[in-house]
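Novice: Here you go, sequence then predicted model.
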Amino acid sequence: MSTLKVNAIRNVTATSDAVTLATDGTCTANLSNRQGRNLIINGAMQVAQRGTSSTGTGYYTVDRFALAYNATASITQAQVDVASGTTPYTLGFRKAFKVTNGNQGSLGSQQIMEFKYKVEAQDVASSGWNYTDPNSFITLSFWVKSSVSFNMKGFFFTQDNSYNYPLETGTLSANTWTKITKTIPGNSNLVFNNDNGVGIVISLGVYGPFFSSANPSVNQWGAYSSATLTNPSETTWWTTNGATLEFTGVQLEVSDHATSFEHKSYAQELDLCRRYCQVYKSVGNYSRFATTIAQSSSSIRSIFYLKKQLRAVPTFSYSGNFQCANATNFNIANMGLESSSTSLDVVVLNQGGMSVTAQSAFFLAGNNDTSAQITFDSEL
């Protein structure tokens with residue numbers, strides 16, 4: 001088998017069995033290493049705008065990836081370093097998403113721990129995957145390391161018409177990085193709307209018996225029900241106090257095989273992540289976050305001109321201490337999103353019950369707090 005070098009600098013190649021010569025002399029090729037093929041954002045776990053460790057459930061550390069759990073004790077999610085000298089370190093991966101188990105005891109019927117990613121529907125619809133054709137494929141690949149040997153379970157789920165595809169990794173060797181590849185065919189029942197909602201949900205982890213009571217077949221599409229989410233989970237990881245899982249190099253591509261990971265710079269990944277989340281962080285004791293205007297003698301408005309257009313109108317959260325100089329009775333806990341003025345490009349926060357000089361201007365700033373931050377979130 002020969003290889004056609006299309007662009008040696010970008011390492012774009014096509015194998016000989018994917019090259020077609022037409023009678024007019026033109027040549028076409030099925031390119032396997034094209035840019036932009038990875039539908040996963042931040043798959044190398046480089047960006048963690050919100051923070052690097054949390055016991056929360058949801059999006060709290062590595063951007064675009066969530067940890068969901070329903071457990072009797074805390075489970076920790078964190079962005080961590082990939083140890084040098086290992087594969088995937090030698091392949092350029094420096095960060096991973098790590099899950100650390102608390103002391104859970106037995107696995108309850110409806111308890112779960114899942115590492116989760118959601119792909120925007122319009123990105124699937126326009127990806128080039130002929131998802132209603134069983135002869136057209138999409139391939140998921142990732143690196144995983146478990147401190148406990150077990151067969152991790154999971155699933156693909158289509159949000160727009162609730163179809164499900166159970167997965168499993170096979171038995172993972174303890175404390176060993178393993179590359180997992182799953183090639184998934186299309187199905188005539190699949191639907192992906194061309195909009196900014198959820199398209200595909202990818203989940204991997206441990207699931208209580210409630211979610212596998214119908215014992216669904218692995219690697220087969222079926223209509224979703226709570227009983228057919230995945231096939232029965234092993235409990236070894238769940239019942240081992242301090243057990244860990246690490247993930248990196250997550251890639252989803254329109255192909256019948258996995259290609260090498262599409263590495264992007266930190267700046268590229270950060271820019272893509274900002275469609276879903278933007279975090280404003282203090283860089284000093286009194287960092288200025290936004291211009292603030294007193295629209296009357298009793299109310300203020302703080303205006304944020306966003307770094308990138310968001311996917312949807314965001315939610316607002318904060319941590320740390322803030323001040324608005326010359327605004328009596330200011331309390332950031334009483335600030336809310338002004339929906340009539342907020343767009344995908346600009347966010348306006350307001351607060352009433354103030355005593356302030358009308359039409360004056362000042363700043364929303366940190367109040368002697370280097371850790372103050374404000375988050376606008378429009379995750380799927």
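Specialist: Received the coordinates, thanks.
Novice: mind checking which helix or strand Arg50 is in?
Specialist: Using DSSP states H and E, Arg50 is not contained in any helix or strand.
Novice: Mind checking what helix or strand follows the host helix or strand of Gly170 in sequence?
Specialist: Gly170 is part of strand 163-172, with elements assigned from DSSP H and E. Downstream of strand 163-172, the first helix or strand assigned by DSSP H and E is strand 178-185.
Novice: Tell me, how many residues neighbour Gly56?
Specialist: Number of residues near Gly56 (other Cβ atoms under 10 Å) recorded here: 17. Any C-beta I mention is one placed from the backbone N, CA and C, and that applies to glycine too.
Novice: Oh, that last question was meant for Gln110, not what I typed.
Specialist: Neighbour count for Gln110, taken as other Cβ under 10 Å: 12.
Novice: Grab the nearest non-local neighbour of it.
Specialist: Nearest non-adjacent residue to Gln110, counting by Cβ to Cβ, 6 or more residues apart in numbering: Phe210, 4.5 Å away.
Novice: my guess is the one you found is in a strand, correct?
Specialist: No - applying DSSP: H, G, I helix; E, B strand; the rest coil, one finds Phe210 to be helix, outside a strand.
Novice: So what touches the longest helix seen in the chain?
Specialist: The longest helix of the chain (DSSP state H) is helix 266-273. Identification of contacts with helix 266-273 by Cβ atoms under 8 Å, 6 or more residues apart in numbering yields Ile41, Asn42, Ala44, Gln46, Val47, Gln49, Asp63, Arg64, Lys264, Lys308.
Novice: Secondary structure and distance to Ser136 added to those residues, as a markdown table?
Specialist: A markdown table is the format used below for the contacts of helix 266-273 (DSSP: H, G, I helix; E, B strand; the rest coil; distance: Cβ to Cβ, whole Å):
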| residue | secondary structure | distance to Ser136 |
| --- | --- | --- |
| Ile41 | coil | 23 |
| Asn42 | coil | 26 |
| Ala44 | coil | 27 |
| Gln46 | coil | 31 |
| Val47 | coil | 31 |
| Gln49 | coil | 35 |
| Asp63 | coil | 30 |
| Arg64 | coil | 25 |
| Lys264 | coil | 26 |
| Lys308 | coil | 32 |
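Novice: May I ask which of these has the most neighbours?
Specialist: Ranking the contacts of helix 266-273 using other Cβ under 10 Å puts Ala44 first, with 27 neighbours.
Novice: Tell me what Leu364 is bridged to.
Specialist: On the basis of DSSP bridges, Leu364 is bridged to Ala290, Cys324.
Novice: Could you check the pLDDT of Arg34?
Specialist: With respect to pLDDT, Arg34 scores 71.
Novice: Repeat that for the one 5 residues further on.
Specialist: According to the per-residue confidence, Leu39 scores 98 in pLDDT.
Novice: Distance of it relative to Phe93?
Specialist: From Leu39 across to Phe93, the span is 18 Å (Cβ to Cβ, to the nearest Å).
Novice: again with Leu337
Specialist: Note on Leu337: its distance to Phe93, by Cβ to Cβ, is 37 Å.
Novice: neighbour-wise, which of those two wins?
Specialist: Taking neighbours as other Cβ under 10 Å, Leu337 and Phe93 compare with Phe93 leading, 22 against 16.
Novice: The more buried one: what secondary structure?
Specialist: Assigned by three-state DSSP, the conformation of Phe93 is coil.
Novice: Quick check: closest non-adjacent residue to Val198.
Specialist: Closest residue in space to Val198, ignoring its immediate chain neighbours: Gln159 at 3.9 Å, by Cβ to Cβ, 6+ apart.
Novice: and Trp177, what does it touch?
Specialist: Neighbours of Trp177 in contact, by Cβ under 8 Å, 6+ apart: Thr86, Thr87, Pro88, Trp143, Val144, Lys145, Glu246.
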